[in-house]
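**Student:** Give me coordinates for this.
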Amino acid sequence: MIATYIKCFQKLTVIFKQNNIRLVILACVVMIASKVNSEEVKGHQDFLAAQMPHVSQGTLKRLDESSLKFTHIKPRPIDVWLPEDYPARAPYAVVYMHDGKVLFDATQSWNSTAWEVDETAASLNKNKDIKPFIVVGIHNAEQSRHSEYFPQKPFESLSDDTQTRLYQAQRNETEKLLAQAVYSDKYAEFIVTELKPYIDEHFKVASDKQNTFIMGSSMGGLISWYTALEYPNVFGGAACLSTHWPGSFAKENNPIPQVFNQYLAKQIANQPQVKLYFDYGDQTLDAMYPPLQAEVDKLFEAAKYDKELWQSRFFKGKAHNESDWAERLSIPMTFLLSK
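**Tutor:** The predicted model follows:
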């Protein structure tokens, strides 16, 4: 990409001397746009052609991207895990999970760890006290993951100055915190209006609220409670592991937790009859969460939210990674799926 710009400016220098500026600027714009477009197309094709994860139990099917509508978000791989006895115990409940690439196969994960969802789900499916269920793993938007998972209505309630600062903030030296405008409402709408109808039609599942759940960790925890509370007539529950309550990585003078709490307080005041599970550790990034989760717990207590419908669990010594989430995955799944 840098080479493209250099070539363009070299040509501009030559033509400026010939007083033929407009034509060259147009040519350069076309050259750059063509280069960017071809790179985006190739990257998108590689994304969709991502290798299928390997599972040790049950079977995994990748949805045909061409037969599924992606009106609201960019197309991406979506993997459906089915238990060994599928479809013998139909209808099955459905658990929609974010960050699909790290759910099943550690060899495809960025840090060589995975949730090992197939193993936990297979074990729970053999438990007669648990509803039989399938898992739908939605791959994330990679560089735009933060923009896709950040609860949109709380974000838009922040001051204009704060929003601007967040859009200018860097996640690290090479990546912005928010690669594009926050669009989690569109992501949630995709799940509810396009993905869920497809799953309901093509798999032997129960489509009602009592059998529809959503789950994720970190930013995926944020989008899970947000989606469930935006659509309380669709989802019977959400599990949020190591929920990233800071929203950013600021440790001081951070207004984001406050707007999350304001949104939560308003939504749970209506007693939406949605199961909500939260947990957190105290190591690595999770070290930021104990005081923030405590404030969230106070909201549920103040609202007199049905204690059968929410849990908040602390896992001492546990960190912010897939291995620790895998270790306790059966707990939130049991909470959501108990008969």
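
**Student:** is it true that residue 257 touches residue 292?
**Tutor:** Yes - between residue 257 and residue 292 there is a contact under C-beta atoms under 8 Å: 5.3 Å. For every residue, glycine as well, the C-beta is placed using N, CA and C.

**Student:** Spell out which residues are contacts of both of these two.
**Tutor:** Common neighbours of residue 257 and residue 292, counting by C-beta atoms under 8 Å, 6 or more residues apart in numbering, are 245, 246.

**Student:** Find me the pLDDT at the closest residue to residue 231 other than its chain neighbours, would you?
**Tutor:** The shortest distance from residue 231 to any non-neighbouring residue, by C-beta to C-beta, 6 or more residues apart in numbering, is to residue 192 (5.3 Å). Looking at residue 192, its pLDDT stands at 98.

**Student:** Can we start the residue count at 356 from this point?
**Tutor:** Let's use 356 as the start, then, which means that last one is residue 547.

**Student:** And for residue 547, the neighbour number?
**Tutor:** 20 (other C-beta atoms under 10 Å).

**Student:** what sits against it?
**Tutor:** Contacts of residue 547 (C-beta under 8 Å, 6+ apart): 582, 586, 589.

**Student:** which of those has the most neighbours?
**Tutor:** residue 582 (26 neighbours).

**Student:** Quick check: phi and psi on it?
**Tutor:** Reported as degrees, to the nearest 10, the phi and psi values for residue 582 are phi -60, psi -40.

**Student:** Let me have the contacts of residue 547 in a markdown table, extended by distance to residue 422 and pLDDT.
**Tutor:** Formatted as a markdown table, the contacts of residue 547 follow (distance: C-beta to C-beta, whole Å; pLDDT from 0 to 100):
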| residue | distance to residue 422 | pLDDT |
| --- | --- | --- |
| 582 | 23 | 98 |
| 586 | 24 | 98 |
| 589 | 22 | 98 |
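
**Student:** Output the residues you listed as JSON lines; include the columns distance to residue 511.
**Tutor:** Output for the contacts of residue 547, formatted as JSON lines (distance: C-beta to C-beta, whole Å):
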{"residue": "582", "distance to residue 511": "16"}
{"residue": "586", "distance to residue 511": "18"}
{"residue": "589", "distance to residue 511": "22"}
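
**Student:** List just the nearest of those residues to residue 633.
**Tutor:** Using C-beta to C-beta, residue 582 is the member of the contacts of residue 547 that sits closest to residue 633, with 14.9 Å.

**Student:** which residues sit in contact with the nearest residue to the closest one once chain neighbours are set aside?
**Tutor:** Nearest residue to residue 582, sequence neighbours excluded (C-beta to C-beta, 6+ apart): residue 543, at 4.3 Å. By C-beta under 8 Å, 6+ apart, the contact list for residue 543 reads 578, 581, 582, 585, 586.
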